[in-house]
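Enquirer: Could you look at this predicted model? Sequence included:
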Amino acid sequence: MSVEPRQLIGVRGMRSRDVPAVLEIEQLSYGYPWSERIFRDCLRVGYHGWVATDLDETVVGYGMLSVAVGEAHVLNLCVAPDARGRGVAGLILEALINQAKAERAERVLLEVRPSNKAARRLYKQRGFQRIASRPGYYPSPDGREDALLLALDLI
């Protein structure tokens with residue numbers, strides 16, 4: 001799944017048939033991955049899924065966004081291990097932010113592990129600010145890990 005940003009054909013809406021590829025990336029990336037059912041339920045209820053694909057239409061990353069009552073929430077954003085560090089996450093995040101704007105959201109929220117330095121760096125570059133912490137939010141091998149709650153104001 002190795003890909004350079006120039007090889008991407010872009011970011012498009014996630015389709016039901018993308019779920020197996022998304023699930024594979026999820027399982028490679030997380031010790032506590034989302035299930036196939038969670039992804040399918042997100043699509044079924046109308047959350048906005050986006051995928052980044054390469055020239056062969058191979059899914060190399062994805063994001064999931066919910067929007068309600070003027071607020072958007074990035075639920076999941078992940079890039080295949082061998083495609084990381086090449087700008088893919090930034091392209092997906094841009095699509096999620098643009099979707100939030102199109103839905104007239106005033107703010108985008110997300111949680112991130114304090115230990116995820118690459119993600120924290122990306123979110124900071126895109127203007128997200130820390131607004132709170134969520135104690136014990138994430139499962140971890142040592143029990144639970146806190147989450148940093150970040151926000152990006154769109155208005």
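Expert: Alright, I've got the coordinates.

Enquirer: all contacts plus neighbour counts: C-alpha atoms, from now on.
Expert: OK.

Enquirer: gap between the strand or helix carrying Glu111 and the chain center?
Expert: Glu111 belongs to strand 107-112 when assigned by DSSP states H and E. From the chain centre to the centre of strand 107-112 is a distance of 10 Å (C-alpha atoms, centre = their mean, to the nearest Å).

Enquirer: what is the mean pLDDT for it?
Expert: The pLDDT scores in strand 107-112 average 98.

Enquirer: and if you look at stretch 27-37?
Expert: Mean predicted lDDT for stretch 27-37 stands at 96.

Enquirer: quick one: that stretch to chain centroid distance?
Expert: 13 Å.

Enquirer: got a list of contacts for it?
Expert: Applying C-alpha atoms under 8 Å, 6 or more residues apart in numbering, the contact partners of stretch 27-37 are 19-20, 23, 26, 78, 80-81, 139-140.

Enquirer: nearest to Asp41, of the residues you listed?
Expert: Val19 (10.9 Å; C-alpha to C-alpha).

Enquirer: quick one: buried residues of stretch 54-73?
Expert: 54, 58-67, 71-73 (16 or more other C-alpha atoms under 10 Å).

Enquirer: Now go through those residues and say which are in helices.
Expert: Among the buried residues of stretch 54-73, no member is found in helices (DSSP state H).

Enquirer: I'd like those residues laid out as CSV, including pLDDT.
Expert: Below are those laid out as CSV (pLDDT from 0 to 100):
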residue, pLDDT
Asp54, 91
Thr58, 94
Val59, 97
Val60, 96
Gly61, 97
Tyr62, 98
Gly63, 98
Met64, 98
Leu65, 98
Ser66, 98
Val67, 98
Glu71, 98
Ala72, 98
His73, 98
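
Enquirer: Inside strands: which ones of those?
Expert: 54, 59-67, 71-73 (DSSP state E).

Enquirer: In JSON lines: those residues, plus distance to Lys101.
Expert: Converted to JSON lines, these look like this (distance: C-alpha to C-alpha, whole Å):
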{"residue": "Asp54", "distance to Lys101": "26"}
{"residue": "Val59", "distance to Lys101": "24"}
{"residue": "Val60", "distance to Lys101": "24"}
{"residue": "Gly61", "distance to Lys101": "21"}
{"residue": "Tyr62", "distance to Lys101": "19"}
{"residue": "Gly63", "distance to Lys101": "16"}
{"residue": "Met64", "distance to Lys101": "15"}
{"residue": "Leu65", "distance to Lys101": "12"}
{"residue": "Ser66", "distance to Lys101": "12"}
{"residue": "Val67", "distance to Lys101": "10"}
{"residue": "Glu71", "distance to Lys101": "10"}
{"residue": "Ala72", "distance to Lys101": "9"}
{"residue": "His73", "distance to Lys101": "12"}
